[in-house]
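Undergrad: Sharing a sequence plus its predicted fold:
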Amino acid sequence: MKAFPRTLNKSFQSLSTSAMIGVLILCGILAVSFAAPQSVRDWEEVRKLHALDLENLAAATPYSRVLVTGVLQGNPTRTPDGLVAYGEQQRDIATVDSDSGAWPAVAPAWPPLSIQIDGQSLQLAQAEFVELGGHLHLETFSSSNDTLSDAADRGPVWTKGFKDGDPVTIIGRRDTDGRLIPARVYGGDRTALLRELSRDTWVAYLLGIAFILVALLIFFWRIVVQV
């Protein structure tokens, strides 16, 4: 009877180790097969897109992918610390249906903004989703000083975004009214964006390989121990 618990424990340890190996291999495959190639595709797109001035932007085919670099200017602030556009994350403290709870935070759509390119103004159209990156200003609000929503009581809110005067690189599509619909807004110039995407590619590959190597080490270690 005493052997049964030991056998059960060994079986549990074997299953746990197998599960760990499987998770590590899966993470490695995802990093090498998906994350790294996506960074390569993003890098290739930015490399092929050159920063346009307003004249060349106006001549671009409507809704084709374009890239511009400029400075945010002349935009109303939307947070106490002066962010003009931001993304938001919140840790919920209650469900929506609870009388004493909070409405979950909804990150605002990218508002219409203005940027200066070589001393001329370009209007950015409102967008439902924008990927933010590069140099971002960070803010944290608690439920007691929350000013980002009409909710009476909310969990901690973390925001990241841009202020007027920030240099930005924007990838998006020009609509028929001449406005730019942003898809990616990067805090910095095109060169910095290329450098960051190249770094992300190498990090994804190295992490993927590391996950797989650790999984193999655990696998062979288990064989040696069992022998």
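TA: Structure received. Nothing here was measured: the structure is a model prediction, and the numbers come from that model.

Undergrad: From now on I want contacts and neighbour counts done on CA atoms only, so please keep to that.
TA: Will do.

Undergrad: from memory residue 25 sits against residue 217, does it?
TA: No - with contact defined as CA atoms under 8 Å, residue 25 does not count as touching residue 217 (11.5 Å).

Undergrad: of the two, who's got more company?
TA: residue 25 (21 against 13; other CA atoms under 10 Å).

Undergrad: avg pLDDT for the one helix or strand residue 218 maps to?
TA: Here residue 218, judged by DSSP states H and E, is contained in helix 190-226. Averaging pLDDT along helix 190-226 yields 90.

Undergrad: Flag every buried residue along it.
TA: Applying a neighbour-count criterion of 16 or more other CA atoms under 10 Å, one finds 190, 193-194, 197-198, 200-201, 203-212, 215, 218 buried in helix 190-226.

Undergrad: What is it packed up against?
TA: For helix 190-226, the packing partners by 3 or more CA pairs under 8 Å, 6 or more residues apart in numbering; DSSP states H and E come out as helix 3-30, helix 36-48.

Undergrad: Comparing the ones you listed by mean pLDDT, which bottoms out?
TA: helix 3-30 (a mean of 74).

Undergrad: check contacts around residue 190.
TA: Listed by CA atoms under 8 Å, 6 or more residues apart in numbering, the contact partners of residue 190 are 46, 51, 69, 169.

Undergrad: Tell me which residues touch the second one, please.
TA: When you say that, I think you mean residue 51. Taking CA under 8 Å, 6+ apart, one finds 66-69, 190 in contact with residue 51.

Undergrad: Go again with 6 Å.
TA: In this structure, residue 51 makes contact with 67-68, judged by CA atoms under 6 Å, 6 or more residues apart in numbering.

Undergrad: does it have beta-bridge partners, and which?
TA: Beta-bridge partners for residue 51, by DSSP bridges, are residue 67.

Undergrad: now swap in the last one and tell me
TA: Each beta-bridge partner of residue 169 is listed here: residue 69, residue 186, as defined by DSSP bridges.

Undergrad: That one: neighbouring residues, count only.
TA: 23.

Undergrad: Just confirm it contacts residue 69, I think it does.
TA: Yes - applying CA atoms under 6 Å, one finds residue 169 in contact with residue 69, separated by 4.4 Å.
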